[in-house]
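Peer 1: Show me how the following folds:
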Amino acid sequence: NLWSDLMARGRYVLVLVLAAAASGVPVGIPSSIQPRAYTPLKTGSVTPKGWLLKQLQLQADGLSGHLSMFWNDVQNSIWIGGNGDGGLHERAPYWLNGIVPLAYLLKNAGVDAPKRFAGVYKVPDSLNFEGASDPVSILDQSNKYINAILERQDNTTGWIGPDNSPKDGNTYWGRSNVILSLCQYAEAEPTKFQTVSAAILNYLLELNRRLSNPTQYAPLQGWAAARWMDIALGTQWVLTNAPQGHESDLINLITLLHNQGSDWESWFETFTGGAGGHNVNNAQALKSAAVWYLMTGNKTLTELSKSRMENLDRNYGLPTGMFNGDEILPNPATRFPSRGIELCGVVEAMFSYNTMFSVHGDVAFADRSERIAFNALPATWASPTGGDMWAHQYLQAINQVNAVNANPHVWTHDGSAAELYGLEPNYGCCTANFNQGWPKWASMVVYSTSDGGAAVGLFAPSLSTLPDGSTVDIETNYPYEDEVQITVEAKSAMPLYIRIPGWAVGTVINGKSTGVENGTMYKFPCSAGKNTVTVTFMPEIRVQRWGDLPADGNTGPVSVHRGPLMFSLPISGNYTVLAHYYGGADGSNDYQMLPTSDWQFALDVDMANPSNTLKFKSNGYVDGSAPFNHSGWPVTISATLRPLPSWGTNLNSAAKPPASPACTGSEKCGDPVQVELVPHGGTDLRIGEFPESGL
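Peer 2: Numbers count the residues shown, from 1 in each chain. Predicted coordinates for the structure are as follows:
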């Protein structure tokens, strides 16, 4: 069974870890960086279309495009000469790490100049909202902050940013996202590449000097030690693109980062040791083995990348593709669906899994990034308008029956406001960090390959330009339809690799299914000129069992899926505005939500053949609509539920789902009710894990 298989695999990988540690194999590094399976395209290579463009516009029209106008940690950041963004100085860098790619995605689509507006409704220039004198164009905002940071670089040492705590090993962390932002900016602005890459190099050389002299300065500590792999990614970018004769210095720096950083390779096998259970650290560290693989080529690291995803799933996993981590991974481990995961963890996991796919080429990692993007990321946004990006949570739950200032609460390390929707509920890191989610995901839809071809890693409407000028044009409303049309305009003959998701049994390509295997990259030969590939998926409704293993076994709750989407029961609710910060009535507010419809139900389901009891319906995506709107859903699944009055609440959240089957024996359920389950990402309150009725 699954439990036995996972336990056996875990023991196998643990043996690999111990053997590698004993031999010292992962420590040795070559003198050059290893090639990736698939190479991300340079920032500015992708033009979003269709629903993806609409989602990026909603982000720009919401908090992303306005934080620099009213949120002190960005508007008045220490990085541009202000006094905001104290402590780790991480918030403007977080924001910039998403704003830079967002700017060039929108520029390519020709929509980078939104006017002054409130919410998703544009208003005339004559109306004077707060901050109207500041740049509204996302590209202007990006340029303003990049230029301010570069102007303030220490010309003598190369240090970037505040230097008020040279003996604090945490101070290296805040700069990590500045470097990643500068890397993306350099790619998108070829005329500035030399200047920007030289600035990055000078900083990294100073960082190398400081880490090499830990008694005079400080080694990596705290956040910087836990997140060493993100600092290493920026260093690897310079090593690959602009080493400027400093290859040995850069390799030495990456070695220092690894050696002074947290030991994630051991942590993910046993969840013990010094790396620790902070959910965002874990989400970022998912890619640590992949990042170190680029320096060593050690195949053990490939296995470790795979096993950590499985280990997180087994102990803390959620049906959205994420894991429980309401600040800290639960102890003892649990997959309880009323526990939460932080928005920062969601966007970091998306980027980590795409990086792991890029390095290792394993389809499972791209599958996981897509699952998180289509389910977990949009599910943490809500407002009375529905589908916009003005109000988010700090923590989201699979079974979320209210969004209130909860005291007491089921989560253990965050404040009572963690599940409210708003500007910065509980803590402001997610307000800054969410910005990278969609833009960096959109930038990693298509990759180049070492054999002169392209790889389609994700499915979203977009036009990608390869290094040789060839283009890959993806037309689709996926995940709301099952067909993807890919048009390649090739400068010369080239291969096209297409991800066939693990769930996609029976996929047809250009009318043929022969040789098309789920969980693999399908190779399609393209000739010079125009090539058209039609990918048709044949997804079946899937039902997955959850609960804590092995204790719950086959009595745990179930979730419903089709293709990359999870389907949940939407709970009606009323919004109450708790605070207003910026813009019009639909701008930046804090909201609480209370349920106004029932949610205590068991699900009638044929576990062996779910399509006997669950019926898929498609209304189609309406062009120009919010992709993850909270009404008028493009697709639904008809289901039969049975009222389960014994399922109550605990600590202001839904209690643990009753054991399955829930409606047999002494337990009594009400009469069957017909409902529509909707995409999980289009809900604010919901039930995503149900007890099985047994009827």
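Peer 1: Can you list phi and psi of residue 511 for me?
Peer 2: The phi/psi pair for residue 511 (degrees, to the nearest 10) reads phi 80, psi 0.
Peer 1: One more: the one 5 residues further on?
Peer 2: Phi and psi for residue 516, reported as degrees, to the nearest 10, are phi -100, psi 110.
Peer 1: Would you agree it is in contact with residue 510?
Peer 2: No: in this structure residue 516 lies outside contact range of residue 510 using CB atoms under 8 Å: 9.9 Å. Placement of C-beta: from N, CA and C, glycine included.
Peer 1: Of these two, which one has the most company?
Peer 2: Looking at residue 516 and residue 510 with other CB atoms under 10 Å, you find the greater number of neighbours at residue 516, namely 19 against 11.
Peer 1: Please tell me how far that one sits from residue 459.
Peer 2: According to CB to CB, to the nearest Å, residue 516 and residue 459 sit 15 Å apart.
Peer 1: Also residue 592?
Peer 2: Going from residue 592 to residue 459 by CB to CB gives 36 Å.
Peer 1: Now do the strands in the stretch 201-350 of the chain.
Peer 2: Assigned by DSSP state E, counting those that start in this stretch, the stretch 201-350 of the chain shows strands spanning 340-342.
Peer 1: what about residue 52, is that helix, strand or coil?
Peer 2: When the structure is reduced to helix, strand and coil (DSSP: H, G, I helix; E, B strand; the rest coil), residue 52 reads as helix.
Peer 1: What about it, how many residues nearby?
Peer 2: Applying other CB under 10 Å, we find 25 residues neighbouring residue 52.
Peer 1: Contacts only, for it.
Peer 2: By CB atoms under 8 Å, 6 or more residues apart in numbering, the residues touching residue 52 are 442, 460, 461, 462, 627.
Peer 1: Next: residue 624.
Peer 2: Applying CB under 8 Å, 6+ apart to residue 624 gives the contacts residue 54.
Peer 1: For it, what is the enclosing helix or strand?
Peer 2: Residue 624 is part of no helix or strand, with elements assigned from DSSP states H and E.
Peer 1: Report the separation between it and residue 617.
Peer 2: Plainly put, residue 624 is 22 Å away from residue 617 if you go by CB to CB.
Peer 1: next one: residue 294
Peer 2: Going from residue 294 to residue 617 by CB to CB gives 45 Å.
Peer 1: now swap in residue 674 and tell me
Peer 2: Residue 674 sits 12 Å away from residue 617, going by CB to CB.
Peer 1: same deal with residue 291?
Peer 2: When CB to CB is applied, the distance between residue 291 and residue 617 equals 43 Å.
Peer 1: For those two, indicate the residue with more neighbours.
Peer 2: For residue 291 versus residue 617, the count of surrounding residues by other CB under 10 Å is larger for residue 291: 27 against 11.
Peer 1: And the pLDDT at that one?
Peer 2: Model confidence at residue 291, given as pLDDT, is 97.
Peer 1: Can you read off the backbone torsions of residue 421?
Peer 2: In this entry, residue 421 is assigned phi and psi values of phi -100, psi 130 (degrees, to the nearest 10).
Peer 1: pretty sure it is touching residue 591, no?
Peer 2: Yes: counting by CB under 8 Å, a contact exists between residue 421 and residue 591, whose distance comes to 4.6 Å.
Peer 1: Sketch out the low-pLDDT regions of the protein for me.
Peer 2: Judged by pLDDT under 70, the chain has its weakly predicted residues at 1-31, 113-135.
Peer 1: give me that answer again for 50
Peer 2: Scanning the chain with the threshold set as pLDDT under 50 gives 1-13, 15, 17-27, 115-133.
Peer 1: And for the closest residue to residue 444 other than its chain neighbours, the neighbour number?
Peer 2: Leaving aside its sequence neighbours, residue 444 sits nearest to residue 354 (CB to CB, 6 or more residues apart in numbering; 4.5 Å). A count of neighbours around residue 354, defined by other CB under 10 Å, yields 28.
Peer 1: quick one: which helix or strand includes residue 354?
Peer 2: Residue 354 belongs to helix 343-360 when elements are defined using DSSP H and E.
Peer 1: Report all helices and strands that that helix contacts.
Peer 2: Where contact means 3 or more CB pairs under 8 Å, 6 or more residues apart in numbering; DSSP states H and E, helix 343-360 is packed against helix 279-285, helix 288-296, helix 299-316, helix 363-371, helix 377-379, strand 395-397, helix 429-433, helix 437-442.
Peer 1: Contacts only, for residue 629.
Peer 2: For residue 629, the contacting residues are 386, 387, 682, taking CB under 8 Å, 6+ apart as the criterion.
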